[in-house]
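In: any chance you can model this:
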Amino acid sequence: MPTDRRTKGASPELRALGRLIVYLRMDAGISQKELAATLRTSSSQLSKWERGQVDLQVRSREKIAAAFDLDFLALEDLAQRLDRSVTRYFAHRGRSLAEPTGEADAASLESFIEAVRLRRRDLEVERVEIEEAIRATGHEEQSLRNQLEKLRER
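Out: Presented below is the predicted three-dimensional model:
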């Protein structure tokens, strides 16, 4: 597959961070222009960051993390995790990973984001069910302990 000239030479880490910025921005429902204004940078600079074309200075990374209520290290960790998830998602669909440069790729990225949202919801439901089961088990355990104490008292 030919390399996209706009991302030629970009490191995997920069591309991963760029994809994370796109994901966070889309998830927050804000435009590139709005995020650029929040970060006090130009839309073209933000676009370069999102495509992984240029490295972000530490201060820029800190601003991005703050804009999405994350700490700096969490931003870096999420970028790596999202990169692995996106790679698996595209591989599962029988496609190689490409930067979201066209409408089809943008639609695929939106589809991925929706899949992540659904998975997040599923995990939240599962967490609540597990917590309820733990509480129920705790109540059952306490009930059994009370019964055992009554038997010992006899």
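In: how about the helices of the protein, start to end?
Out: 12-28, 32-39, 43-51, 58-67, 72-92, 103-153 (DSSP state H).
In: single out the most deeply packed of these.
Out: helix 12-28 (a mean of 20; mean count of other C-beta atoms under 10 Å). Heads up, the C-betas are built off the backbone N, CA and C, glycines and all.
In: what packs against that helix?
Out: If contacts are counted by 3 or more C-beta pairs under 8 Å, 6 or more residues apart in numbering; DSSP states H and E, helix 12-28 sits against helix 32-39, helix 43-51, helix 58-67, helix 72-92, helix 103-153.
In: with mean pLDDT added, can I get the ones you listed in JSON lines?
Out: Listed next are the helices and strands packed on helix 12-28 as JSON lines, based on pLDDT from 0 to 100:
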{"stretch": "helix 32-39", "mean pLDDT": "94"}
{"stretch": "helix 43-51", "mean pLDDT": "91"}
{"stretch": "helix 58-67", "mean pLDDT": "89"}
{"stretch": "helix 72-92", "mean pLDDT": "71"}
{"stretch": "helix 103-153", "mean pLDDT": "74"}
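In: turn these into a markdown table, including distance to residue 13.
Out: Putting those into a markdown table (distance: least, C-beta to C-beta, whole Å) gives the following:
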| stretch | distance to residue 13 |
| --- | --- |
| helix 32-39 | 19 |
| helix 43-51 | 12 |
| helix 58-67 | 11 |
| helix 72-92 | 7 |
| helix 103-153 | 19 |
